[in-house]
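Chemist: what would the 3D arrangement of this be:
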Amino acid sequence: MGPLLILLGGLAAAQPAWSASVDGHVVPDEMTVADTVLPLASCALREESIADLYVVALYLPPQAEPRQAVREDVAKGVLVQVVYEGRVPDAVPDDWSEALREELDSEMRAALQDAYADVKTGDVIAVAYTPDSGTTITIGGRQVAAQPGDGPIAALLEMWVGVRPVSADLKRLLLTPGC
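Modeler: The predicted structure is shown next:
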């Protein structure tokens, strides 16, 4: 199911309840980023061929419309729960690496790669952003990257809901409120 507490450096993402579900995979109904409780806005399952890869849960300010809020300078969070039942690759997925290449310096990319090498089914990757604190990435509760600005979360959201998303279904579901 994944950890119930993810520390994000100066940010804390506490999940009090795992209550929403997407295709049988349960996700928390809220995420706390800094001092802001963000409700679950949408979620989707990333599939490839016949394999479930991961669940993406998007957290936005209350009443926020996902289609607009993903591009606005507001607090937001993403939890990615690895649900793949096979051997999880040791390397950051190619589409993630490409999306983050311009947003993370070489040291942060290396730290992300090192942490990802230990990812297994059930692990949670959290990406949190606030205008005041910037973006933090954790894997399995361990902070692997932090920097000012929204570059990393914006790049991942662009990969999932942008002009050329990795999956049209994933984009549709993430931009539709609810799970």
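Chemist: give me the low-pLDDT residue ranges for this structure?
Modeler: Scanning the chain for pLDDT under 70 picks out the ranges 1-18.
Chemist: give me the buried stretch members for the top strand by length along it, please.
Modeler: The residue-count maximum for a strand in the chain (DSSP state E) belongs to strand 36-48. By neighbour count on 16 or more other CB atoms under 10 Å, the buried set for strand 36-48 is 36, 38, 40-46. C-beta coordinates here come from the backbone N, C-alpha and C atoms, glycine included.
Chemist: same check on stretch 120-127?
Modeler: Across stretch 120-127, burial judged by 16+ other CB under 10 Å covers 123-127.
Chemist: can you tell me the closest non-neighbouring residue to the spatially most central residue of the chain?
Modeler: Nearest to the centroid of the C-alpha atoms of the chain, with distances taken as CA atoms, centre = their mean, sits Val78, at 3.1 Å. In this structure, Val78 finds its nearest non-sequential neighbour in Val127, 4.6 Å apart by CB to CB, 6 or more residues apart in numbering.
Chemist: the one helix or strand the one you found maps to: how far from the chain's middle?
Modeler: Assigned by DSSP states H and E, Val127 belongs to strand 124-130. In this view, strand 124-130 has its centroid 6 Å away from the chain centroid, taken as CA atoms, centre = their mean, to the nearest Å.
Chemist: same thing with stretch 132-152?
Modeler: On CA atoms, centre = their mean, the centre of stretch 132-152 falls 11 Å from the chain's centre.
Chemist: quick one: end-to-end length of that stretch, please.
Modeler: Using CA to CA, to the nearest Å, the end-to-end distance of stretch 132-152 comes out at 15 Å.
Chemist: kindly report the same for stretch 125-137.
Modeler: End-to-end distance of stretch 125-137 (CA to CA): 7 Å.
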